[in-house]
Structures are given as structure tokens and as C-alpha cells.
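[1] quick one, structure for this:
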Amino acid sequence: ISIENLEPGHYYLKETSSPSGYFLNEDKIEFDIDGKKTKDGGSLKIETIDEKIPEIGTTATDNETGKKRINPTENIEIKDKVKYKDLVIGKTYTIKGKLMFKDTEKPVLVEGKEVTAEKTFIPKQRNGEEELIFSVPGEILRGKETVVFEKLYREKREVTSHEDIFDEGQTTTTVNPEIG
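    So this is what the prediction gives:
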């Protein structure tokens, strides 16, 4: 941005729109113009860092076998491997996941409560992965397809989500074996 002929005084810059794929910088960047000449004729350089909106993608499988098809044992554990991209190193993030029935697009409930999993972490790299484990009685999932929905938070603010009921990567199938 180039602004010319400012009178001496106190000013601020505030971003009103952001580039596609980036967060809006909500900081108010304040500066003063004192009217004194500088070597370059009065230029003032202000720098900010644009922060990319993170991305997440997931793969849900049986925690024991690593497969997408699950046998309805007494208790089923679904592992959700969440790959992330463009996180800020050193900041605290929380992934919150929820297990959904694909056919009804409603949450899986156990004793009236949604089946969820959560993990808080501090990334050491911008790109990486974390795992969530969902534990459910097998009888509830017998013969059903389930999909894992995730939301990623940074310091209690949602920064991105992955909630696609038709995403095969997020989907597992619990078989319904018949004894015949």
C-alpha cells in the first residue's frame, strides 16, 4: 500500500478484506507521522504477516485392524487420522471430532450423549497429523456406516472444519454378519 501526503499525526491501518485462503488480520496497526524528513523522503515501512487458513483431511479406520470395514465386536474403536496443513508452530490447537450416522446424518449417541473425541496439541511443524480414538459399543454400529466430523480450534477459536457426510475417507462400515 502506498499512501502519500499525510499530514503529521497519529494514524492506523486496519485490514477490511483478506486474500483468498487467508485470515482477516484484525489487528489495528498504529503509526505516527512526525513531519520530519528522512533520507528516503519520508517513507515509512510497516510489515505484517498474512496467516493462511489451515486445512485438515482425515481417514477413519478400525483402530485394531486399520481397515474401513469393521466387525461388530463388543466394543469398537474407530481411529481417525487427522492430517493438518499450515498450522502456526508453537500455538495450541484442539481437534474435536464427532461420530455421525451416514444414513440419517445425525450424531451417534450412547446413553443419550454424542460420541466424541478430542485432542489438544502444539505443532512442532506446520504440516503433520494427529489421531483421535472413538469408542462405541458394537451393537450400536452393527450394519451401519459412520462418518467422523472434525473441527480444529486454535485457542478456543474454530479455524477450520472437515464435515462431509459423503467423504469416503471419513467413513467406516460396521458389518452385520448373519449366522446361517
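[2] so for this structure, the centremost residue is which one?
    By C-alpha atoms, centre = their mean, the chain has its centre lying nearest to L152, at 2.8 Å.
[3] tell me the secondary structure at that residue.
    Here L152 is strand, with the state taken from DSSP: H, G, I helix; E, B strand; the rest coil.
[4] quick one: contacts for the residue nearest to it when sequence neighbours are not counted?
    Leaving out its chain neighbours, the residue that sits closest to L152 by C-beta to C-beta, 6 or more residues apart in numbering is T160, at 5.0 Å. Heads up, the C-betas are built off the backbone N, CA and C, glycines and all. For T160, the contact set (C-beta atoms under 8 Å, 6 or more residues apart in numbering) comprises I53, P54, E55, I56, K151, L152.
[5] check contacts around V110.
    Residues near V110 by C-beta under 8 Å, 6+ apart: V136, P137, I140.
[6] that older thread, looking at the contacts of T160, which one is closest to I95?
    Proximity of the contacts of T160 to I95 (C-beta to C-beta) peaks at L152, which lies at 5.5 Å.
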